[in-house]
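Student: sequence and predicted structure below; questions after.
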There are 4 protein chains.
Amino acid sequence: MERIRVAVVGATGYTGSELVRLLSAHPHVEIAAITSRRELGEPVSAVHGALLNVVDQPLVPLESLPDHDPDVIFLALPHRTSMEFVAAQPQDGPPIIDLSGDFRLTDPEVYARWYDTPHVAPDRLATAAFGLPELFRSTIPGARLVANPGCYPTATALALAPLLKRDLVVPDSIVVDAKSGTTGAGASAKAATHFPDLFGDFRAYGVATHRHTPEVEQILSHVGGAPVRVQFQPHLLPIDRGILATCYARVRSSVDAARIAAAYADDYADEPFVRLRQAPPSVKQVRGSNFADVHVSLDERTGRVIAFAAIDNLVKGAAGQAVQNLNLLRDWPETTGLNQGPLCP
Amino acid sequence: MERIRVAVVGATGYTGSELVRLLSAHPHVEIAAITSRRELGEPVSAVHGALLNVVDQPLVPLESLPDHDPDVIFLALPHRTSMEFVAAQPQDGPPIIDLSGDFRLTDPEVYARWYDTPHVAPDRLATAAFGLPELFRSTIPGARLVANPGCYPTATALALAPLLKRDLVVPDSIVVDAKSGTTGAGASAKAATHFPDLFGDFRAYGVATHRHTPEVEQILSHVGGAPVRVQFQPHLLPIDRGILATCYARVRSSVDAARIAAAYADDYADEPFVRLRQAPPSVKQVRGSNFADVHVSLDERTGRVIAFAAIDNLVKGAAGQAVQNLNLLRDWPETTGLNQGPLCP
Amino acid sequence: MERIRVAVVGATGYTGSELVRLLSAHPHVEIAAITSRRELGEPVSAVHGALLNVVDQPLVPLESLPDHDPDVIFLALPHRTSMEFVAAQPQDGPPIIDLSGDFRLTDPEVYARWYDTPHVAPDRLATAAFGLPELFRSTIPGARLVANPGCYPTATALALAPLLKRDLVVPDSIVVDAKSGTTGAGASAKAATHFPDLFGDFRAYGVATHRHTPEVEQILSHVGGAPVRVQFQPHLLPIDRGILATCYARVRSSVDAARIAAAYADDYADEPFVRLRQAPPSVKQVRGSNFADVHVSLDERTGRVIAFAAIDNLVKGAAGQAVQNLNLLRDWPETTGLNQGPLCP
Amino acid sequence: MERIRVAVVGATGYTGSELVRLLSAHPHVEIAAITSRRELGEPVSAVHGALLNVVDQPLVPLESLPDHDPDVIFLALPHRTSMEFVAAQPQDGPPIIDLSGDFRLTDPEVYARWYDTPHVAPDRLATAAFGLPELFRSTIPGARLVANPGCYPTATALALAPLLKRDLVVPDSIVVDAKSGTTGAGASAKAATHFPDLFGDFRAYGVATHRHTPEVEQILSHVGGAPVRVQFQPHLLPIDRGILATCYARVRSSVDAARIAAAYADDYADEPFVRLRQAPPSVKQVRGSNFADVHVSLDERTGRVIAFAAIDNLVKGAAGQAVQNLNLLRDWPETTGLNQGPLCP
């Protein structure tokens, strides 16, 4: 059985630990190196206690990466740090799957505007594939750099793409009301995720300013063939994992429910990770899995379509999708290492 | 000090227990009777254990109500049952504050369509005041029947009214994405609120069919002076109490942020229960209180306003607002018995 | 109506905000000053957003306390800081109710051993009353310094005192397995209370080292008239508020269930804040209230008694009990300002 | 690769769905039949929505079981139903792994006393192996009937066995304070697991009466070679999955911490599913996995040892342990199909 060596760069966050969890069960993968800036020499399970006896290899410094001779590199770094790493790598180095936001926006100026920093590797950016297989599958095999999508954009794009692709809705009518569990806020303790305050709470954040907005617009504009502007509003759910995107759009006048249903069936019936639901999806029913559960309804009274997508933000919204991209890069069946059922209840 | 006798009809649900909790601390109120169909003769605390040593009076049958000679009657009954009770009461009986949906929709045909049953007391319906004091205060004193608003409509209307009143937004562009804690689903165990399934979950429900939709439209149409059709979509939050309504609307072309801010300040600066927030509100910061926390932002990039309101669905969304209406009926200061701070954290 | 001026020293923590919430609804109290080390000049609601429009007075520096001329001072300071404050106050200054651990242990050497620091005000310590009214009521009126008990000791002592007082159990057989919500860990964000990690989790902490151990032993030894050594083990519940103490002890040979039940009835039937339950108590049924719900069972098969007590750690375990002590100091009815029913559900 | 046919009898509960989830990822297993009393002909994912696209085979009636020719049968039935099924099976039928309580207690009279019903298959009971591999591994291969242990007994026995086996503690001093997530209460909605009531709550239940008590005593008595009586007290945690058992026992006079640590290291260092922890374990760090995390401390001040074990009640406490037993029955590596890391956070 083929086995390749992979490196996980930046393993102290949740994206890193989830990557290690998934990669440790992948039949074609050996984790060659897990890098960190702290706890060097300690087993990764000293940082992520749940991994004890699962993956106990020591954390190594980023500088030692070449010694471990990886075939593929996963970057689970903060943005900015990520593009600096890529800029320093040779173009013909091992393929990189980057889980940060640094290579998702194709226009460096848009990047600069929403991330408040100039892009330091525009040449590499120009070559990056966008790792959302259901919409951009053909571009991923052979890529040297894959930009793994954001969690909100993954859910939103899967919910809305069938509509945009067929011009069934009015582009500037799109409103995306999105809700995410708290793992999306990262592994570092901070006031915004202090348990006593957040328990039993719910609130919106990032009004008009969230960085996933241009990413959503870029995907939908590409899919629809024309510029799309969306109203994107995130909220913080008092749970650990899960995103639900509730997406509203006005349908074009001749569009009926049957046509909408056919569009989703055509696009997703054969997708291994998209499950079309007859009722609004539940984030718990995808927990721990790479599934995206999608449901769409037409409200004939108002002339709007409501499209829902639920994902696990750490899996289909991050590490699982990265493994799916690895499978595409290596021409393995796309579900390899990702066929565990959701943990529910 | 003036003291009146009140009756709580239907005390086995959460609305009933919350009414008893609030009324037991109201300085001008004596709870004369608490009726129930079951556990008759048992103290109310046999059904709602938290009330032990707070209110221990026995549950009495509905039929005995006249014996208790109430000055005001609160109805915490299911819809249908509620209007049947009202239809059987004399018009000159004690004033009634009804917490069901039976007297909220002014048009009996709209009621029949959304509640799947004909209205049995259209004459009383015609006389009902709508008990949302911030918008309809003048109609409440002197009313013989007050329809206490629904929880979602309360939050939504308070979020959007300043915009509609001044024609600042395009009426048919309104999308309301609402999220409620599970107490809104009632006190009876059912599959939809089975703890192991709902813990860590989040989902939408009632797509295009929720009965609060026409209530929201009726309020906003009245406030705006023209028909309003809204897209209303509820979701179930995995918490006990709290509603957040996130409301989107396209602003008219000449409207700027300053004008919007002025509208909210004008309408709410003197309202005792509306707190204007500089950031999106949190449901926990209103927990257990009668406050509605409101925030509004203009997204200049998209030309949409996003208005938020957070309430405790059992207080401002039900029992607390009912007490506020009682205070108006009796010409007591509106905050009487409602000045406890939120329980946070 | 009598009104006195009180000061809350140290208002940025949860104990401070809960004190402000309760005191703001107390009919005989005017909050004269709320001190803080940060956010000076800002309203207290800038730190505790839930208090907006409830208490908006500005935070003042500790140094300005005399200018506000308080009749009673509540200390909601960290331990050490608290005894330093007390040491600097004149003996004939206003009475102090201290919510820290600094004046609870009567023996300064025991304090030094468990708190890792010498006691700086042993003379004041010698005069402190222990503010657990149900067990030490007579000592509180007239005290110049009241040591408000810890949350765990309050629950544990109320669960076990009737047994110890009558020598019904073997003292060295006592095991206390205690569980607390996360507000007990304080208002500052830290890794131990990072939401994504704690959500859905449960664990023990402080094995053999928790500072409430000697406090529990001191109370029970005093009540029982002989030294008691307890096994005390705390756990962290993934909720915000609430403590449940499950207490085990071997009964003396002649003791039967009737005698145990009589002991609890005798001690607690007239206590306004202790509710004897026929089933194990629930922390939610005391939420936001000053109640302690107590239940006791004899397991005849094993010869052990199991005694439970549930309290809200911020109310009966801290701020509510402090207000109860204030009422005793001022000879007001003990329930003044504390008669709000629990917030349940 | 060897593949056998297994049947899951009774798939509508959580134990059944968890078995299906685990078995669907087991490399040597084909799920030949999933039986149910309801939803016959529907895919199992119609009952357990999370399994959509994972396992979609139709539910079949129990009567059709022989047609599916299973090599091994898993029983996920309620007690009583389970022993009736076994009694009706031929002794030389396929091996059975029973997840109910019906074949755990070796003495039918003890069964009758705690389960309130006579045992209907005492002959089969006499032949059952007790499927707790870490303590009874040698008895499992070759068994025709394996009694899969209860969730609480699994955690408790793994926490305490090293002490009992070596007579390090006083048997009648053992107190087990256990806490379980709500999935242990089953998949049917009931008042005790109504979300609004349980959210933010915590309480004990089953005082002196829980059926896992004799099971714990039987295991520990067997391990220790002398009768053991334990005080066992369960509590309901407001989470979905996870058990923590906190176990107290008085140590024999000559026992020190080093000897205790050596005992646990000797017993568990080579166990694939027991992880010795340097700190009290966390239920979340075992979520979704077959691990039991164990920690032990000696409190020298009190002379008691405190031993903790954390498991996922649906995995190591039920379905995962059943798969572990299957692996032993078939002489496959014990971790086959069980090497997924915990889902944390």
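Tutor: Alright, I've got the coordinates.

Student: contacts and neighbour counts: CA atoms only from here.
Tutor: Fine.

Student: now A:A87, nearest residue through space, not along the chain?
Tutor: A:A121 (5.4 Å; C-alpha to C-alpha, 6 or more residues apart in numbering or on different chains).

Student: repeat that for A:L132.
Tutor: Nearest one to A:L132, counting by C-alpha to C-alpha, 6+ apart, is A:P149 at 6.4 Å.

Student: tell me the secondary structure at the one you found.
Tutor: coil (DSSP: H, G, I helix; E, B strand; the rest coil).

Student: same check, this time on A:A7
Tutor: Of the three states, A:A7 takes strand under three-state DSSP.

Student: OK, contacts around the residue nearest to A:A87?
Tutor: Residues in contact with A:A121 (C-alpha atoms under 8 Å, 6 or more residues apart in numbering or on different chains) are A:83-84, A:86-87.

Student: how close does whichever residue of the stretch 51-200 of chain A sits closest to chain C sit to C:L51?
Tutor: With C-alpha to the nearest C-alpha, the shortest gap between the stretch 51-200 of chain A and chain C falls at A:F195, namely 4.4 Å. Taking C-alpha to C-alpha, to the nearest Å as the measure, A:F195 falls 19 Å from C:L51.

Student: for A:A129, give the beta-bridge partners.
Tutor: When assigned by DSSP bridges, A:A129 has beta-bridge partners A:V146.

Student: surely it meets A:G142?
Tutor: No: if you go by C-alpha atoms under 8 Å, A:A129 and A:G142 don't touch, sitting 9.3 Å apart.

Student: between the two, which one's more packed in?
Tutor: A:A129 (24 against 14; other C-alpha atoms under 10 Å in any protein chain shown).

Student: what's near enough to touch the more buried one?
Tutor: A:139-140, A:143, A:145-147.

Student: how about A:V72?
Tutor: A:V72 neighbours (C-alpha under 8 Å, 6+ apart): A:4-7, A:94-97.

Student: of those residues, list those near chain D.
Tutor: Subset of the contacts of A:V72 in contact with chain D: empty, counting by C-alpha under 8 Å from any C-alpha of the partner chain.

Student: let me have those residues in CSV, extended by distance to D:V207 and pLDDT.
Tutor: Formatted as CSV, the contacts of A:V72 follow (distance: C-alpha to C-alpha, whole Å; pLDDT from 0 to 100):
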residue, distance to D:V207, pLDDT
A:I4, 55, 98
A:R5, 54, 98
A:V6, 53, 98
A:A7, 52, 98
A:P94, 61, 97
A:P95, 60, 98
A:I96, 57, 98
A:I97, 54, 98
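
Student: now, of these, which are buried?
Tutor: The neighbour-count criterion (16 or more other C-alpha atoms under 10 Å in any protein chain shown) marks A:5-7, A:94-97 among the contacts of A:V72 as buried.

Student: A:A307: which element?
Tutor: strand A:304-311 (DSSP states H and E).

Student: that strand: partners in the sheet, and parallel or antiparallel?
Tutor: strand A:243-250 (antiparallel), strand A:292-299 (antiparallel).

Student: how far away from the center of its chain is that strand?
Tutor: 17 Å (C-alpha atoms, centre = their mean, to the nearest Å).

Student: just checking, next helix/strand downstream of it?
Tutor: Next along the chain after strand A:304-311, with elements defined by DSSP H and E, is helix A:320-329.

Student: show residues contacting the strand holding A:A307.
Tutor: A:155-156, A:158-160, A:242-251, A:280-283, A:286-287, A:290-299, A:317, B:231.

Student: sorry, back to before: any chance of the buried ones among the contacts of A:V72 in TSV, plus distance to A:E134?
Tutor: Below are those laid out as TSV (distance: C-alpha to C-alpha, whole Å):
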residue	distance to A:E134
A:R5	26
A:V6	24
A:A7	25
A:P94	24
A:P95	20
A:I96	20
A:I97	17
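
Student: what about the helices in the stretch 101-250 of chain A?
Tutor: A:108-115, A:122-125, A:133-136, A:151-165, A:195-198, A:212-224 (DSSP state H, counting those that start in this stretch).

Student: so which of the ones you listed gets nearest A:D67?
Tutor: Taking C-alpha to C-alpha, helix A:122-125 is the member of the helices of the stretch 101-250 of chain A nearest to A:D67, at 23.7 Å.

Student: which residues does the closest one contact?
Tutor: Contacts for helix A:122-125 (C-alpha under 8 Å, 6+ apart): A:86-87, A:103, A:106, A:108, A:145.

Student: how far off helix A:151-165 does the strand holding A:A307 point, in degrees?
Tutor: With axes from the mean of the first three to the mean of the last three C-alpha atoms, to 10 degrees as the basis, strand A:304-311 and helix A:151-165 are set at 140 degrees to each other.

Student: which residues does whichever residue of the stretch 151-300 of chain A sits closest to chain D contact?
Tutor: Residue of the stretch 151-300 of chain A nearest chain D, by C-alpha to the nearest C-alpha: A:Q285 (4.4 Å). By C-alpha under 8 Å, 6+ apart, A:Q285 lies in contact with A:342-345, D:49-50.

Student: now swap in A:P280 and tell me
Tutor: A:294-296, A:308, B:203-205.
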